[in-house]
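Engineer: Just to be clear, the model below is a prediction. Sequence and coordinates:
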Amino acid sequence: MKPILRLDKVCKHFGGVVAAENVSFSVMPGEIHGLIGPNGAGKSTLMNLISGIYTPDSGSVFLNEEDLSNIPSHMRARMGIGRTFQTPRFLQRSNIKDNLLLGTDLANQMGYFKSYFSKKGRNFGEELNDLMKYLDFTIDWEDDINSLAYGQRKQLEIVRSMLSHPKVMLVDEPAAGLNNKEIDDVMVLLNHAAKDLGIGVLLIEHSMDMIMNICENIVVLCFGKVIAMGGPAVISCNEAVIEAYLGRDLDA
């Protein structure tokens, strides 16, 4: 199986600040791949480099082995790169339904207004209802997007990304600000995206319980450099990771 997303020696500096230094790793289809590290390690910068918000100083990002170097961010979204953010981003003057319909348009699968009725032969409402089964709340789709609680908006941002049928989904700190039940629901939703729909997921998260329970592979960044890669068992025992990020007991 070929990787759905591949970074090859990606570098990005902001003046004297090293945000990414020769970063290389791959995400496979149907895999949830963790990206962890201390604050300022360069995690969100990598997300921005993959999605096209930033341009690498050197190195390349590949989607299905196609070099994205000269492809702008809006085209990358239509090619199959989904994205969520640390703080949910919605059209503030639109209702919930219209904001979610943007997900169907991002991948250029159907014109915006036609998305009300069908997408790739499937009713938008049916697909949305299927995804909402993984979340423990019901809402009036005609309500203003700002009527939702913060945790609900974070969960719906993942749903919106999934509605675009992405090949890979970049998910940035989905557990931040959520209660335990909401975090559990997000984990089930991400597992559905990967295992049932075959989407590659690149997950930034500070909740180590979530990372260790949901990720098959993990990349650890520190000051823009990869200091470790491997499965949860390998990462949790890695001395460099313990020193830089996970922490060491005072009497150790």
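Structural biologist: Received the coordinates, thanks. Since the structure is predicted, the reported quantities are computational estimates derived from the model, not experimental observations.

Engineer: Wait, I71 touches M79, no?
Structural biologist: Yes. If you go by CB atoms under 8 Å, I71 and M79 touch, sitting 7.2 Å apart. In short, each C-beta sits where N, CA and C put it, glycine included.

Engineer: Can you pull the residues that touch both of the two?
Structural biologist: Shared contacts of I71 and M79, defined by CB atoms under 8 Å, 6 or more residues apart in numbering, are absent.

Engineer: And the helices in this protein, which stretches?
Structural biologist: 43-51, 73-79, 96-106, 124-132, 150-163, 180-191, 208-214, 232-236, 239-241 (DSSP state H).

Engineer: ok, which stretches of the stretch 1-150 of the chain are strands?
Structural biologist: Ranges of strands in the stretch 1-150 of the chain, per DSSP state E, counting those that start in this stretch, are 5-14, 17-27, 32-36, 58-63, 66-67, 81-83.

Engineer: and the angle for the first one with helix 43-51?
Structural biologist: Okay, so that is strand 5-14. Strand 5-14 runs at 120 degrees relative to helix 43-51, counting by axes from the mean of the first three to the mean of the last three CA atoms, to 10 degrees.

Engineer: Same question for the longest one.
Structural biologist: Here strand 17-27 runs at 60 degrees with respect to helix 43-51, directions being taken by the same axes, to 10 degrees.

Engineer: I'd like the distance from the spatially closest residue to N179 that is not a sequence neighbour to L46, if you could.
Structural biologist: Closest residue to N179 apart from its sequence neighbours, by CB to CB, 6 or more residues apart in numbering: G151 at 6.7 Å. Distance, G151 to L46, by CB to CB, to the nearest Å: 25 Å.

Engineer: In terms of neighbours, single out the busier of those two.
Structural biologist: More crowded of G151 and L46, by other CB atoms under 10 Å: L46, with 28 against 22.

Engineer: how many neighbours does the closest residue to that one other than its chain neighbours have?
Structural biologist: Leaving aside its chain neighbours, L46 sits nearest to A20 (6.0 Å; criterion: CB to CB, 6+ apart). Here the number of neighbours of A20 (other CB under 10 Å) works out to 28.

Engineer: A20 and K12 touch, don't they?
Structural biologist: Yes. In this structure, A20 is within contact of K12 by CB under 8 Å, at 4.3 Å.
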